[in-house]
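Participant: fold the following for me, if possible:
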Amino acid sequence: MSNPGEIDATPITDRRQLAAWLEAGCKPREAWRIGTEHEKFGFRLADLSPPPYEPDGIGAVLGGFERAGWAPILDRGRMIGLKGGDRRNQASISLEPGGQLELSGGLLPDLHATAREMATHFAEMHDAADPLGLGFAALGFHPLARREAMPWMPKSRYAIMRRYMPMRGALGLDMMLRTCTVQVNLDYASEADMVRKLRVALALQPLATALFANSPFTEGRPNGFLSYRAQVWTDTDPDRTGMPAVFFEDGFGFERYVEWVLDVPMYFIQRADGFIDLAGQSFRRFLDHGLDAVPGTHAVMGDFADHLTTVFTDVRLKRFLEMRGADAGSPAMMLAQSALWTGILYDDAALAAAAALVRARPWQDFAALRAVVPRLGLHAPWPTPARPDGTLRDLARDVVMIASDGLRARARHDADGSDERRFLAPLAEIVAGGPTQAEHWLARNETAWAGDTRQIFHESRL
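Facilitator: Reported below is the predicted structural model:
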């Protein structure tokens with residue numbers, strides 16, 4: 001979203017401006033880039049508790065990044081993020097509500113560059129956090145802390161969401177405070193290309209949830225789920241989440257998306273003196289009537305851009321597509337997530353093959369997986385004529401092969417001559433029958449840890 005004090009003040013005088021704003025994201029193939037975002041939980045090395053913003057907490061970690069050359073972003077005088085500038089390909093660092101640290105990676109040409117960016121980020125993170133006695137771990141749901149024990153970060157928008165979330169689902173505050181995700185942002189060439197990529201990626205997000213499941217513990221105990229993060233999303237603000245039917249309807253495109261998003265309730269707008277709470281009001285009403293409480297305040301393009309950041313569908317459309325279905329995980333798994341979607345969506349033959357898989361079933365079949373995958377993961381039933389007793393692992397095997405073919409065709413090599421397929425190695429092990437991250441941790445808990453789930457922070461520390 002726009003940083004405090006930075007907003008496009010162009011008035012919205014015609015709804016066609018909104019579709020045109022999205023269409024401006026279309027790029028020729030040679031300009032397509034990969035942007036990887038990942039979140040992680042901070043913890044105190046001494047007692048594994050979640051660190052507050054201050055003293056000697058998350059705010060001080062941001063200060064360490066500032067000393068490494070990042071430019072601070074302030075909210076009412078307090079640092080709540082940083083910008084990397086041209087040297088870091090416009091990457092940024094931000095805070096999620098419970099102090100989860102997020103890198104929004106730069107726009108990079110290949111996955112080899114993504115791997116280098118990630119390694120540099122973790123090195124800078126250690127330089128900032130180690131002197132404070134803090135560590136970070138990438139897991140889908142906080143394995144130990146109760147919701148009440150999580151701190152709140154001093155970002156103005158979070159106070160508005162904190163008030164509104166409990167009105168629209170039982171687990172919205174857990175989503176804010178106790179979840180971490182990894183996502184990849186990818187480009188589209190045209191409206192038709194956007195629609196095809198969006199539908200393929202949206203249908204396959206439950207599969208990604210199963211592959212990357214990494215949240216089997218809650219408050220120190222197994223919770224009965226493989227991805228409790230995904231379960232949380234099934235009871236979080238249904239007005240803006242999930243797999244909306246309109247995305248699969250004939251005639252869907254930028255204009256249809258705008259018409260849908262205009263009726264998604266807002267959270268806020270930004271103005272010079274801060275955030276204005278509009279939670280529950282539709283953008284359509286704001287666009288048509290302005291603000292009753294603040295006469296003369298009308299919608300501008302920056303409001304629309306910010307509103308799009310409060311849409312939490314499993315794939316989010318902005319001037320690019322955001323894949324949002326995966327738990328945060330190990331660096332290798334975070335890279336594998338970017339590799340999976342890059343291989344599928346950035347090669348024409350791979351995208352056609354994935355689209356054929358998706359078209360073979362009604363989209364509702366994929367949507368139905370959202371309810372069962374959090375608990376069953378790759379063991380969820382997925383029968384086909386060829387495999388009447390099939391499971392989602394069978395589909396995963398096909399999809400990972402398609403991604404591998406797509407990455408082979410991209411032929412992007414590193415200095416050692418390896419192409420991007422090497423980043424799919426963890427997924428190849430899983431689809432061949434190996435454990436997911438969640439299953440690995442559950443096995444460790446039953447054996448080496450003897451039920452002491454606190455050990456997960458030591459073993460998953462980045």
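Participant: what's around Gly59, how many residues?
Facilitator: For Gly59, the neighbour count with other CB atoms under 10 Å is 19. Glycine gets a C-beta too; all of them are placed from N, C-alpha and C.
Participant: what mean pLDDT does the one helix or strand it maps to have?
Facilitator: Remark: Gly59 resides in helix 58-67, with elements defined by DSSP states H and E. Averaging pLDDT along helix 58-67 yields 98.
Participant: just the buried positions in that helix, please.
Facilitator: Across helix 58-67, burial judged by 16 or more other CB atoms under 10 Å covers 58-65.
Participant: and these as a markdown table, adding distance to Arg168?
Facilitator: Below are these laid out as a markdown table (distance: CB to CB, whole Å):
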| residue | distance to Arg168 |
| --- | --- |
| Ile58 | 27 |
| Gly59 | 30 |
| Ala60 | 34 |
| Val61 | 31 |
| Leu62 | 30 |
| Gly63 | 35 |
| Gly64 | 36 |
| Phe65 | 34 |
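Participant: please save the CA atoms from the helix holding Gly59 in CSV.
Facilitator: Extracted in CSV, the C-alpha atoms of helix 58-67 (Å, rounded to 0.1, in the frame of the first residue of the first chain):
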residue,chain,number,x,y,z
ILE,A,58,11.3,-5.1,16.4
GLY,A,59,11.8,-1.4,16.2
ALA,A,60,15.5,-1.8,17.0
VAL,A,61,15.8,-4.5,14.3
LEU,A,62,14.5,-2.0,11.8
GLY,A,63,17.1,0.4,13.1
GLY,A,64,19.8,-2.2,12.3
PHE,A,65,18.5,-2.4,8.7
GLU,A,66,18.6,1.4,8.5
ARG,A,67,22.3,1.3,9.5
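Participant: now the element after that helix, going C-ward?
Facilitator: Later in the chain than helix 58-67, the nearest helix or strand by DSSP H and E is strand 71-75.
Participant: by contact count, what packs against that next one?
Facilitator: Strand 71-75 makes packing contacts with strand 78-83 when contacts are defined by 3 or more CB pairs under 8 Å, 6 or more residues apart in numbering; DSSP states H and E.
Participant: so what strands line up beside the strand it packs on?
Facilitator: Using DSSP bridges, strand 78-83 pairs in its sheet with strand 71-75 (antiparallel), strand 92-95 (antiparallel).
Participant: contacting residues around it?
Facilitator: Identification of contacts with strand 78-83 by CB atoms under 8 Å, 6 or more residues apart in numbering yields 3, 53, 59, 62-63, 65-66, 70-74, 90, 92-95, 153-155.
Participant: buried residues, it. List them.
Facilitator: Judged by neighbour count using 16+ other CB under 10 Å, the buried positions of strand 78-83 are 78-83.
Participant: same thing with stretch 316-329?
Facilitator: With burial defined by 16+ other CB under 10 Å, the residues of stretch 316-329 counted as buried are 316-317, 319-329.
Participant: what's the most distant pair in those?
Facilitator: For those, the farthest-apart pair by CB to CB is Arg319 and Gly329; their separation is 27.0 Å.
Participant: out of the buried residues of stretch 316-329, which sit inside strands?
Facilitator: Mapping the buried residues of stretch 316-329 onto strands (DSSP state E) picks out 316-317, 321-327.
Participant: doesn't Asp416 fall inside a strand?
Facilitator: No. Counting by DSSP: H, G, I helix; E, B strand; the rest coil, Asp416 is located in no strand; its state is coil.
Participant: which residues of the stretch 251-400 of the chain fall in strands?
Facilitator: Counting by DSSP state E, counting those that start in this stretch, the stretch 251-400 of the chain has strands at residues 268-271, 274-277, 312-313, 315-317, 321-327.
Participant: hang on, the earlier thing: who does the helix holding Gly59 touch, helix- and strand-wise?
Facilitator: By 3+ CB pairs under 8 Å, 6+ apart, helix 58-67 packs against strand 78-83, strand 92-95, helix 111-129.
Participant: now render those as JSON lines, adding mean pLDDT and distance to Arg29.
Facilitator: Formatted as JSON lines, those follow (pLDDT from 0 to 100; distance: least, CB to CB, whole Å):
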{"stretch": "strand 78-83", "mean pLDDT": "98", "distance to Arg29": "28"}
{"stretch": "strand 92-95", "mean pLDDT": "98", "distance to Arg29": "26"}
{"stretch": "helix 111-129", "mean pLDDT": "98", "distance to Arg29": "17"}
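Participant: now these in a markdown table, with distance to Val195?
Facilitator: Converted to a markdown table, the helices and strands packed on helix 58-67 look like this (distance: least, CB to CB, whole Å):
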| stretch | distance to Val195 |
| --- | --- |
| strand 78-83 | 32 |
| strand 92-95 | 29 |
| helix 111-129 | 25 |
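Participant: pick the most deeply packed of these.
Facilitator: Of all the helices and strands packed on helix 58-67, strand 92-95 has the most neighbours on average by mean count of other CB atoms under 10 Å, namely a mean of 23.
Participant: quick one, the strand of greatest length in the chain and helix 58-67 angle?
Facilitator: Assignment by DSSP E gives strand 34-44 as the longest strand of the chain. Per axes from the mean of the first three to the mean of the last three CA atoms, to 10 degrees, the angle that strand 34-44 makes with helix 58-67 is 130 degrees.
Participant: gap between strand 34-44 and the chain center?
Facilitator: With CA atoms, centre = their mean, to the nearest Å as the basis, strand 34-44 stands 10 Å off its chain's centre.
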